[in-house]
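Undergrad: Predicted model, plus sequence, below.
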Amino acid sequence: MNVKNKKMIKAIDKTKRKLDMPKTEYVLKRIKELEADGHSPRTLFAACPNSISVIQASLRAAKRNNAPIKFATTLNQVDTDRGYTGFSHSEFVRYVERECQKINFGGPVIIAIDHGGPWLKDKQSTEKWSLNEAMDGVKQSFEEAVKAGFDLIHVDPTVDIFLEPNETISIAAVAERTIELIKHIEDFRRKNKYPPISYEVGTEEVHGGLADEKTFDTFLELLKSGLKEANLEDVWPCFIVGKVGTDLHTATFDPEVASTLTQKVKPFGSLIKGHYTDGVTNPEAYPLTGMGAANVGPEFTISEYEALIELEKIEEKLYEEGRIAIKSNMKDLLWSSVIESGRWMKWLFDDEKGKSFEQISPERQEWLISTGCRYIWQKPEIVIARYQLYENLKSNGFEAEEIVLSRIERDMDNYFHSFNLVGLNKYL
């Protein structure tokens, strides 16, 4: 680590100790101060670390752009059972630290749980855990995250699998469960003398009950009064997730709605967080409306998938020319593994449910596979195939892994630039 980066880290740590401020809130505070001094508004970029390649690309892109990076890890990805990435909470933190050392990156890295709530982990939903079982499982995950040194936890109890198909969870239940989970984290953290962390609450999805402004307002008031009653007046989320026009299949950000929600949470001292920012058509509008942060995830799985398919086309040509002995069969293995996993069924449209994979349109098949690869990247046969693909190209002068990482980084650069994050670290 060079002297400049060492000084940067020491400065941040010193400020945090002085203000007793979590890393996330320190970075947000500095962004606000810089804007008051005439700098452009900024929005934090959060990457969903759904593969080893995405983690590496995120840190490389953050270093090149001299900007902070936030990792939003779901409980499906990183958890006590190691999720589909193969990491527990402590292992994930150690891996990120190791990768930072490898590339000599000393900028702020914010590590967070994303969508932490009952039944948002697929296993809980498919096995139909009871409410108590699901809440206890989430609480255990939160404890491990605190112990591992996570910086932020998104508390999101907005799903209830035992409701009727057309029934929406009550906003009172969402607020009650949110407070219960935050209280559990704070009791555990304070009892064991772990440092303060930051919080994010709410969801942008309709099933969460925060889809309209009236319900959004009600949630904020219930949360405020509930935390006060629990003697947690000093705890308040820095991020509240807002429905700002984007969802899994919609890529247009709504600046007017975002501005309205931003003004609603401003008196509370919070910022609006956007989810499903993948492939958004107008990312440059996020900072202009005061958005605090935005998550991007499946887009980078598609980036990785497309890069591997590009490499396989090169491999096929090399094979035809007799320059390699064995093909990796990367694409066929990816498709068969995703289909066999059954995880693609989670993302079916209503009119697709009940159909076999072959009965779905080719365009949708491609999307389900390219985004579903995140679930199977770490399967042994896929790891072996990737190694074979990389070695085949390496023996013929191609830097295969570099091509994959560069493709993901290119798509990440779009957000670093659009969110005005380039060069931010020199002010932190």
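TA: Now that the structure is in, tell me what you want to look at.
Undergrad: In the record's domain split, what are the boundaries for this structure?
TA: For the chain, automatic domain parsing gives the domain ranges 3-297+410-427, 301-408.
Undergrad: Quick one: end-to-end distance for the shortest one.
TA: Read that as domain 301-408. End-to-end distance for domain 301-408: 8 Å, by CA to CA, to the nearest Å.
Undergrad: model confidence over that domain, on average?
TA: Taken as a whole, domain 301-408 carries a mean pLDDT of 96.
Undergrad: returning to what we had before: mean pLDDT lowest for which of the domains of the chain?
TA: Minimum mean pLDDT among these: domain 3-297+410-427, a mean of 91.
Undergrad: ok, back up a step: highest average neighbour count across the domains of the chain?
TA: Stretch with highest mean neighbour count among these: domain 3-297+410-427 (a mean of 19; mean count of other CB atoms under 10 Å). To be clear about C-beta, it is placed using only N, CA and C from the backbone, and glycine gets the same treatment.
Undergrad: Distance from that domain to the middle of the chain?
TA: Here the centre of domain 3-297+410-427 is set off from its chain's centre by 8 Å, with CA atoms, centre = their mean, to the nearest Å.
Undergrad: And the closest residue to residue 284 other than its chain neighbours, how far from residue 98?
TA: Computed as CB to CB, 6 or more residues apart in numbering, the closest residue to residue 284 that is not its neighbour in sequence is residue 418, at 4.5 Å. From residue 418 across to residue 98, the span is 29 Å (CB to CB, to the nearest Å).
Undergrad: next one: residue 164
TA: To residue 98, residue 164 is 47 Å away according to CB to CB.
Undergrad: again with residue 405
TA: From residue 405 across to residue 98, the span is 16 Å (CB to CB).
Undergrad: what packs against the helix or strand containing residue 178?
TA: Element membership for residue 178 (DSSP states H and E) is helix 171-191. Applying 3 or more CB pairs under 8 Å, 6 or more residues apart in numbering; DSSP states H and E, one finds that helix 171-191 contacts helix 131-148, strand 152-155, helix 213-229.
Undergrad: so what strands line up beside the following helix or strand past that helix?
TA: Counting by DSSP H and E, the next helix or strand C-terminal to helix 171-191 is strand 198-201. Strand 198-201 has the following strand partners under DSSP bridges: strand 152-155 (parallel), strand 239-241 (parallel).
Undergrad: Columns distance to residue 301 on top of those strands, output as a markdown table?
TA: Below are the strands paired with strand 198-201 laid out as a markdown table (distance: least, CB to CB, whole Å):
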| stretch | distance to residue 301 |
| --- | --- |
| strand 152-155 | 20 |
| strand 239-241 | 21 |
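Undergrad: Just list what the lengthiest helix in the chain packs against, helices and strands only.
TA: In the chain, assigned by DSSP state H, the helix with the most residues is helix 298-320. Judged by 3+ CB pairs under 8 Å, 6+ apart, the packing partners of helix 298-320 are helix 52-65, helix 330-341, helix 362-372, helix 380-394, helix 400-418.
Undergrad: List just the one of the ones you listed that sits closest to residue 117.
TA: helix 362-372 (21.8 Å; CB to CB).
Undergrad: quick one, the closest one and helix 330-341 angle?
TA: 90 degrees (axes from the mean of the first three to the mean of the last three CA atoms, to 10 degrees).
Undergrad: packing partners for helix 362-372?
TA: On a contact count with 3+ CB pairs under 8 Å, 6+ apart, helix 362-372 meets helix 298-320, helix 330-341.
Undergrad: Distance to residue 78 for those - can I get that in TSV?
TA: As requested, those are exported to TSV (distance: least, CB to CB, whole Å):
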stretch	distance to residue 78
helix 298-320	15
helix 330-341	18
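Undergrad: so which of these gets nearest residue 230?
TA: Nearest to residue 230, of all the helices and strands packed on helix 362-372, is helix 298-320, at 35.6 Å by CB to CB.
Undergrad: residues in contact with that closest one?
TA: Helix 298-320 has contacts (CB atoms under 8 Å, 6 or more residues apart in numbering) with 47-48, 50-51, 53-54, 57, 248, 278-279, 324, 327-328, 330-331, 334, 369-371, 373-374, 377, 386, 389-390, 392-393, 396, 398, 400, 403-404, 407-408, 410-412.
Undergrad: thinking again about what came up before, dump the residue contacts of the residue nearest to residue 284.
TA: Counted by CB under 8 Å, 6+ apart, residue 418 has contacts 283, 284, 286, 287.
Undergrad: unless I'm mixing things up, the third one is touching residue 45, no?
TA: No: with contact taken as CB atoms under 8 Å, residue 286 and residue 45 are classed as non-touching, separated by 9.4 Å.
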